[in-house]
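[1] Kindly return the folded structure for what I paste below:
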Amino acid sequence: MKNKIFSLICCLLMMCAAALCVKGSLAGYPSAETPATAPTAVKVDTLTMLPDGGVVIHTRALTSEQGYAGPTPLDVTIADDGRIADITPLANAETPGFFNRAVALLESYVGKTPEEVVAMKPDAVTGATYSSRALTANVDAASRYYIEKGGAEALDAGSAGSGMPVKMWIALGVALAAFLLPLFVKNRIYHNLQLAANVIVLGFWCGSFIDYTLMIRYLSGGISWPEGVIAVVMLIAAFIMPLFGRPQHYCNHICPLGSAQTLMAQMCGYKIRMSARLVKALDTFRRILWGVLMLLLWADVAVEWMDLELFQAFIPESAAIGVVVAAILFILLSAVVSRPYCRFVCPTGSLIKRAENI
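    A predicted model of the protein is given here:
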């Protein structure tokens, strides 16, 4: 137990160092060498009425969805004809290069009614997944707020709590079931149903999973609530449960990509037999790869590798084509080789194993 606690603390310190190197902040506090990039003063009112009958909705209080480095609030201007006239990004701590690419999404909303916006599913921008999702969530929240309040004539100044979307409540239920039920239920049929739910709900529907991007984002800027509760459940499963005799609990029972590989393995009875020497060589490759990637984070060099973890394939509209292709190939390979990505490549899995002193 002491060795595992020591390994967990070491991994936490390593990731904190990575967050400081990459984002220049820890838990929202900038390092001494890095000036704060988040705004020192923010708008707290949700609404501004315009003289011409239009409104400007300030989204900071309407959604807790965050970008890579924190909130990405917007000013959404809705004209007196009920159509979006302008969308202006407010100050945020996102990386300018990625954020400016994601801002291109906002043009697709101009001229639309809030009802049309709610029904839209715009494409995200490749390589700017978190910024794209956050901006989309902000525009959607502003549109829903406008609709719920009955339009410009019925709106008045004030804020509206956003709460957690229904699909996120469903995702939380799936994550909690995957976290708790394997402790008591050993039925194979249930296990397969749970794995399928992980892939469909946590993976493709909600894009909820642990990866380096999420961990660095939370360590640098703090956890967003209430949506962050899903990530907290996953992080506890990954790093705390092994202390109580449940090694690889997240990887085996919750991870969408691990679940997809496990399900695929059941599709084929034939399995490639790998020699012990080959397995050891591949495991050594995984360890070396993980070490190199950690060094890149500490040096703040080529940190874009975090966007290449195969979990991003569950958000195909924003994932790089190569990531989607690689994910498909690894899932197909898992039919004849047990969980090849998890065992021999996955950087996030390597961190979890290191925290378990494996």
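[2] Quick one: the helices in the stretch 51-200 of the chain, in order.
    With DSSP state H, counting those that start in this stretch as the criterion, the stretch 51-200 of the chain has helices at 96-103, 114-119, 129-148, 166-180, 188-197.
[3] Give me the helices and strands touching the second one, please.
    By that I understand helix 114-119. On a contact count with 3 or more CB pairs under 8 Å, 6 or more residues apart in numbering; DSSP states H and E, helix 114-119 meets helix 129-148. In this view, the C-beta of every residue, glycine as well, is placed from N, C-alpha and C.
[4] For the helix it packs on, name the packing helices and strands.
    strand 55-58, strand 74-78, strand 84-89, helix 96-103, helix 114-119, helix 212-221.
[5] Would you mind writing the CA trace of that helix as PDB?
    This file holds the C-alpha atoms of helix 129-148, laid out as PDB (Å, rounded to 0.1, in the frame of the first residue of the first chain):
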ATOM      1  CA  THR A 129     -11.800  19.900 -29.900                       C
ATOM      2  CA  TYR A 130     -12.200  21.400 -26.500                       C
ATOM      3  CA  SER A 131     -12.400  25.000 -27.700                       C
ATOM      4  CA  SER A 132     -15.000  24.000 -30.300                       C
ATOM      5  CA  ARG A 133     -17.200  22.100 -27.900                       C
ATOM      6  CA  ALA A 134     -17.100  25.000 -25.400                       C
ATOM      7  CA  LEU A 135     -18.000  27.600 -28.000                       C
ATOM      8  CA  THR A 136     -20.800  25.500 -29.300                       C
ATOM      9  CA  ALA A 137     -22.100  25.000 -25.700                       C
ATOM     10  CA  ASN A 138     -22.100  28.700 -25.100                       C
ATOM     11  CA  VAL A 139     -24.000  29.600 -28.200                       C
ATOM     12  CA  ASP A 140     -26.500  26.800 -27.400                       C
ATOM     13  CA  ALA A 141     -26.900  28.000 -23.800                       C
ATOM     14  CA  ALA A 142     -27.600  31.500 -25.000                       C
ATOM     15  CA  SER A 143     -30.200  30.300 -27.500                       C
ATOM     16  CA  ARG A 144     -32.000  28.200 -24.900                       C
ATOM     17  CA  TYR A 145     -32.000  31.000 -22.500                       C
ATOM     18  CA  TYR A 146     -33.600  33.300 -25.100                       C
ATOM     19  CA  ILE A 147     -36.200  30.700 -25.900                       C
ATOM     20  CA  GLU A 148     -37.000  29.800 -22.300                       C
END
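[6] Just give the closest residue to the one residue sitting closest to the centre of the chain, not the sequence neighbours.
    Residue closest to the average C-alpha location in the chain (CA atoms, centre = their mean): L214, at 5.2 Å. In space, L214 comes closest to A231 once its chain neighbours are excluded; the distance is 6.2 Å by CB to CB, 6 or more residues apart in numbering.
[7] Count residues in the vicinity of P51, would you?
    P51 sits with 5 neighbouring residues when counted by other CB atoms under 10 Å.
[8] quick one: it from F6, how far?
    Using CB to CB, to the nearest Å, one gets 64 Å for the distance from P51 to F6.
[9] Low-confidence stretches in this structure?
    For the chain, the stretches with pLDDT under 70 are 28-45, 68-69, 122-128, 150-164, 227, 317.
[10] And it, what are its domain boundaries?
    Under the assignment automatic domain parsing, the domains of the chain span 10-15+165-355, 47-154.
[11] can you tell which of those is closest to L26?
    Of all the domains of the chain, domain 10-15+165-355 sits nearest to L26, with 6.2 Å by CB to CB.
[12] How far away from the center of its chain is the closest one?
    12 Å (CA atoms, centre = their mean, to the nearest Å).
[13] Ends of it, what's the gap?
    End-to-end distance for domain 10-15+165-355: 8 Å, by CA to CA, to the nearest Å.
[14] from now on call the first residue 513
    Happy to do that; since the first residue is 513 now, the last one works out to domain 522-527+677-867.
[15] hang on, the earlier thing: which helix or strand lies directly C-terminal to the host helix or strand of the residue nearest to L726?
    Assigned by DSSP states H and E, A743 belongs to helix 740-751. Downstream of helix 740-751, the first helix or strand assigned by DSSP H and E is helix 761-765.
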